[in-house]
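Peer 1: okay, sequence plus prediction incoming.
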Amino acid sequence: MKNKYLLCLPFFVGLLPLNAHAYLDPGTTGIILQALIGGFVAAMAFLSVMRHRITDFLKGLFGKKSDSQSEEK
């Protein structure tokens, strides 16, 4: 079944145009740039929040015991 698709692939690639003849005006370029920057900032904010959650969790697991527990011993 895969061989049929592999044999058809060169045919479909041959149907693709060589030049797109597309025009990107400055407005489109600005929108694409804003989307890329916004995605990057959102990813950095997400990673920062996750880092703080993980470090808080690990501090809770391996952190110091509370004063009431250390005084009892």
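Peer 2: Sure thing, it's come through. No experiment lies behind these values; they were computed from the predicted model shown.
Peer 1: tell me which element residue 18 falls in.
Peer 2: Here residue 18 is covered by no helix or strand, with elements defined by DSSP states H and E.
Peer 1: please tell me how far it sits from residue 8.
Peer 2: With distances taken as Cβ to Cβ, to the nearest Å, residue 18 is found 20 Å from residue 8. Glycine gets a C-beta too; all of them are placed from N, C-alpha and C.
Peer 1: so which of the two has more stuff around it?
Peer 2: In this view residue 18 and residue 8 are compared by other Cβ atoms under 10 Å, and residue 8 has more residues nearby, 10 against 5.
Peer 1: what's the pLDDT at that one?
Peer 2: With respect to pLDDT, residue 8 scores 78.
Peer 1: do the one 3 residues further on as well
Peer 2: Residue 11 carries a pLDDT score of 78 in this model.
Peer 1: tell me, how many neighbours does it end up with?
Peer 2: 8.
Peer 1: cool, and the one 10 residues further on?
Peer 2: When neighbours are counted by other Cβ under 10 Å, residue 21 registers 6.
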